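Novice: Kindly return the folded structure for what I paste below:
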Amino acid sequence: MEILQDLNPAQQDAVRHVEGPLLILAGPGSGKTRVIVHRIAYLIEHEGVEPRRIMAVTFTNKAAKELRDRVAALLGDMAGSLQLGTFHAICARILRIEGEAAGIDRAFAIYDDADQVSLMKGVLAELAVDPRKFAPRAILATISRAKSELATPAGFSAGVRDYFGEVASRAYARYQTLLEENNGLDFDDLIMRTVTMFRQNDSLLQKYQQRLLHVMIDEFQDTNIAQYVLARQFAGGHGNICVVGDPDQSIYSWRSADIRNILNFERDYPGAKTVLLEQNYRSSQNILDTAHAVIVGNESRKEKTLWTEQGAGAQIQVHEAYDDLEEADLVAAEVKALLSKRTHRSGDIAVMYRTNAQSRALEEALLREQVRYRLVGGTRFYARKEVKDLLAYLRLVHNPVDRVAFERVVNVPPRGIGEKTLDELERWSESLDLAPFAALELLAEDRQPPRPHRLAARAETALLGFHELLSGLIGSSRDRPVGELLSALLEQIGYRAFLLNEFEEDGEERWENVQQLLTLAAEYDGLTPEASLPQMLEDVALVAPSDEYNEQADSVTLITLHAAKGLEFPVVMIVGMEDGVLPHMRSFDDPVQMEEERRLCYVGMTRAKERLYLMRAFRRRLMGSSLRNPPSRFLKDVPPELIDARRPGRDEERESRYREPSLARMRPGGGAAGGRTLVPSEAAFAAGDHVRHERFGDGVVVSCMVTSDDQEVTVAFGNGSGVKKLLLSYAPLEKV
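Specialist: As a prediction, this is how the structure comes out:
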C-alpha cells in the first residue's frame with residue numbers, strides 16, 4: 001500500500017496494529033510524527049474508520065498544526081473532521097459545547113499566566129498574606145499541581161501538613177471562587193473540569209466513548225494524572241488507545257508530568273502491544289552513542305538502542321574555559337568559525353543551557369562579535385503590553401464579568417480613573433453582588449441604586465464613558481467579525497496616538513505589534529460574527545511559547561534545554577556542563593531528580609544533527625555567587641573515543657585548568673573584558689620560589705597574581721613540562 005511505503009519495518013508494524021492498546025516507544029528523531037500521520041491515514045483508508053471517530057492529542061498547537069497539515073497532504077479534506085489538538089484545546093472545545101451540564105457558561109474566558117498572577121495578587125491582598133513571603137507564582141504552582149492531581153480546594157485542604165500548605169489552601173479556595181465569579185477557567189481547569197464533568201455525567205461520557213473509536217496520545221511521557229485519567233475516559237468505550245512517547249525524554253516533572261504513566265502502560269493495559277522505534281533519521285551515530293552513554297545510567301527507563309544509516313559523523317567537541325565569560329567567548333569564536341567556512345548559516349546553530357540566567361554572558365559575547373541571535377524565552381508576542389491590552393478589551397466584550405480584563409483596560413488609555421475610584425467602584429459593586437461592569441450598567445440606566453458615595457463627578461463621568469464604549473463594542477460584536485471590531489476599537493480609543501506619546505522610544509515598534517494583531521484578527525473574519533471573536537480568543541489563550549518559535553529565522557538560537565525539546569539543529573552547543581549546573585545542584589540529594597537531569601542532558605544532545613559541542617567553565621557566576629564546580633558527571637559518561645582529541649583542552653593544558661585567553665583579558669589594576677577586576681592582596685608565592693606539583697614536578701615561580709577570588713601562579717617546570725599557568729585553588733603547589 002502507498003500509505004506503508006517509505007516506512008521502516010517497525011514503523012509499518014505500528015501503523016498496522018489497529019485493535020487494542022498500543023505503546024510506541026519512539027526514540028528522538030525516529031519519525032514518530034510520520035507514524036502517527038500514516039496510522040491515521042491507514043485507519044481511514046484501509047480500515048474505513050470515519051475521521052470524526054479518531055482523536056489525536058498532541059502537546060503543542062504547533063505540533064497539532066503540523067499533524068493536521070501532513071494528514072491533509074495524504075487524505076485531503078477528510079482531515080478536517082478529525083478530533084485533533086492539544087489536551088487543552090480539545091477540552092476547551094468540549095466545554096464550549098457541553099459545559100452547561102457542569103454549570104460552565106459557554107462564554108468563559110481562559111486565564112493565561114499573567115491573568116492568573118493578577119488574580120492571585122488580589123487574593124493574597126484580600127487574605128492579608130505578604131506576597132514577599134508567599135510569592136503568587138509559588139502559590140499558583142501549588143494550586144496547579146493540586147489540579148493536575150484532580151484535587152479540589154476541599155480535597156487539597158484535607159492533605160495540608162504545614163503553614164505554607166494552609167496559606168495555599170485558603171488561597172486556592174478564594175482563587176477558585178473568583179474564577180467562577182469572573183466566568184473564567186485557568187489552563188488546569190480546562191482538563192480538570194472536563195474530567196469531573198464526565199465523572200458526574202455518565203450519559204455524556206458514554207456519548208464520547210461511543211463516538212471515539214480510536215484515541216492516539218503523543219508525548220505520553222509528559223502527561224500528568226488528570227490527562228492520564230482523561231485519556232482513559234476517552235478510550236473507555238472501544239479500548240483502542242495508542243500512546244507514543246519516550247521515557248528518556250520525560251523532563252517536565254515540575255509541570256506535574258508523571259513518567260509512571262508511560263512506564264506502567266503495559267501493566268495498566270494488559271495485552272498491549274509494544275513497538276520500538278530505534279532507527280534515527282536526525283543525528284549522526286557519534287551523537288547518538290554519546291547520548292546513549294549518558295542516558296543508560298538511569299534506572300527508570302525502557303532500554304532501546306538508537307542507530308542510523310547516516311554514518312559516524314563528526315566527533316564530539318569538548319571545550320573547557322576559565323569562567324562563564326570565557327566560555328561565552330569560545331561559543332562566539334566557534335560560531336564565527338562555522339559561519340566563516342560557509343558550511344552553516346546562523347539559523348543552523350543553537351546554544352543550550354540549564355537556566356535562563358546563563359544567557360547573559362552568551363548574549364554579550366555574540367553582540368561583541370556582531371553575530372545575530374534570538375533569545376527564546378524572551379518577551380512573547382502575546383505577552384507584550386499593547387497586545388495584552390487589546391486582547392483584554394476583546395475579552396471584556398465577550399465576557400463583561402471578567403474583572404481581570406476590566407481592571408487592565410478601564411484606564412487604558414488614561415481616562416482619569418485612578419486607584420481610589422476603582423477601589424470605591426469595587427466596594428460598591430461587591431455590595432450589590434455584581435461585577436464592576438454590571439454595576440456601571442446600573443449607573444448608566446439611572447435606576448437609582450445605592451450610589452458609590454465617594455465617586456467624584458468627573459470620575460463617574462469617565463466610568464460612564466468607558467461603559468458606553470464597551471456597550472457599543474458589545475453591540476457591534478453581534479454583527480461585525482473580530483477584525484472589524486478591533487479596528488473600530490483602535491480608532492475609538494486613539495490607541496496609536498497613545499502608544500506614540502506614552503512610549504517615545506519604541507512607540508512605532510509597539511504599533512507594529514498592534515498591526516500584527518490586526519492581521520491575525522482578520523484571519524477570523526471568514527467565520528460568523530458570533531463565532532469569530534470567541535474562536536480567536538480561545539486560540540490566542542492556548543498559544544504556548546513553543547508555538548511562536550520561527551524555525552526559518554537566520555540567527556543563532558539561545559534556548560534552555562527544557563524549551564529545546566521538539567526542536568532540532570545541525571549544530572548544538574551545550575554550555576554549563578558542570579556538577580551544580582547540569583545536573584542542577586537541587587538534584588544531588590534526590591535520585592529521582594538526578595534521573596530527570598540526566599534525561600534533560602539526553603534531550604539536549606539529541607537535538608543535534610551534525611555537530612555537538614559540550615562546554616564547561618572552571619568558574620561561573622550565577623545569582624550573584626561565584627561557583628567553582630567540577631566537570632559534570634555526564635561528561636565523564638562520554639566514551640573518550642567519541643571525543644575529538646585534537647581539540648584544545650585534551651592535553652596538558654587541560655590539567656592546568658587555565659587558558660591563555662583568560663590572562664589576555666585580565667588587566668592588573670583596572671577593569672577587564674567581561675567586567676573582572678584584580679583586587680590587591682598578599683600573594684602566596686614570590687618570583688623565584690621553588691615549588692613542586694604532583695604531575696609537573698619541581699619548578700620555579702615566575703609570578704603570582706591575585707584575582708578577586710583566587711591566585712594565578714606562573715611556574716617554569718623542568719623535565720620538559722615547560723611554563724604553566726595554574727589556579728592555586730585547583731592545582732595546589734608545595735613550596736620546597
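Novice: and A333, how many residues sit next to it?
Specialist: The burial metric for A333, expressed as a neighbour count using other Cβ atoms under 10 Å, is 14. All C-beta atoms are positioned from the backbone trio N, CA, C, and that covers glycine.
Novice: Moving C-terminal from the host helix or strand of it, which element do we reach first?
Specialist: Under DSSP states H and E, the secondary-structure element containing A333 is helix 324-340. Where DSSP H and E defines the elements, the next helix or strand beyond helix 324-340 is strand 349-353.
Novice: that older thread, how about the helix holding A333: buried residues?
Specialist: Along helix 324-340, the positions that meet the burial threshold by neighbour count (16 or more other Cβ atoms under 10 Å) are 324-332, 334-335, 338-339.
Novice: Which two of those have the greatest separation?
Specialist: Using Cβ to Cβ, the pair of the buried residues of helix 324-340 lying farthest apart is D324 and L339, separated by 22.5 Å.
Novice: now stretch 297-309: mean pLDDT?
Specialist: Mean per-residue pLDDT for stretch 297-309: 95.
Novice: got the end-to-end distance for that stretch?
Specialist: In terms of Cα to Cα, to the nearest Å, the two terminal residues of stretch 297-309 are separated by 25 Å.
Novice: what's the answer for stretch 345-357, then?
Specialist: Its first and final residues considered, stretch 345-357 spans 26 Å by Cα to Cα.
Novice: same thing with stretch 577-596?
Specialist: For stretch 577-596, the separation between the terminal residues is 15 Å (Cα to Cα).
Novice: same check, this time on stretch 400-411
Specialist: The first and last residues of stretch 400-411 sit 16 Å apart, counting by Cα to Cα.
Novice: and it, how far from the chain's centre?
Specialist: Centre-to-centre, stretch 400-411 and its host chain are 27 Å apart (Cα atoms, centre = their mean, to the nearest Å).
Novice: May I have the residues that are in contact with the closest residue to S256 other than its chain neighbours?
Specialist: Of all residues beyond its chain neighbours, the one nearest S256 is S148 (3.7 Å), with distances taken as Cβ to Cβ, 6 or more residues apart in numbering. For S148, the set of contacting residues under the criterion of Cβ atoms under 8 Å, 6 or more residues apart in numbering consists of 188, 192, 224-227, 255-256.
Novice: between those, which is closest to Q492?
Specialist: Within the contacts of S148, the smallest distance to Q492 is 35.8 Å, found for D188 (Cβ to Cβ).
Novice: wait, doesn't the closest one sit right on A226?
Specialist: Yes. With contacts defined as Cβ atoms under 8 Å, D188 counts as touching A226 at a distance of 7.4 Å.
Novice: Common neighbours of those two, please.
Specialist: Contact criterion Cβ under 8 Å, 6+ apart; residues bridging D188 and A226 by contacting each: 147-148.
Novice: Would you mark the buried spots in the strand or helix carrying C601?
Specialist: According to DSSP H and E, C601 maps onto helix 591-605. Residues 593-605 are the ones in helix 591-605 that count as buried (16+ other Cβ under 10 Å).
Novice: Now do that helix: distance to the chain's middle.
Specialist: Relative to where its chain is centred, helix 591-605 has its mean C-alpha point 16 Å off (Cα atoms, centre = their mean).
Novice: now the strands for the stretch 501-650 of the chain?
Specialist: Across the stretch 501-650 of the chain, reading from the start of the chain, the strands by DSSP state E, counting those that start in this stretch fall at 556-560, 569-574, 608-617, 620-622, 625-627.
Novice: In a markdown table, list these along with mean pLDDT.
Specialist: As requested, the strands of the stretch 501-650 of the chain are arranged in a markdown table below (pLDDT from 0 to 100):
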| stretch | mean pLDDT |
| --- | --- |
| strand 556-560 | 94 |
| strand 569-574 | 98 |
| strand 608-617 | 97 |
| strand 620-622 | 78 |
| strand 625-627 | 70 |
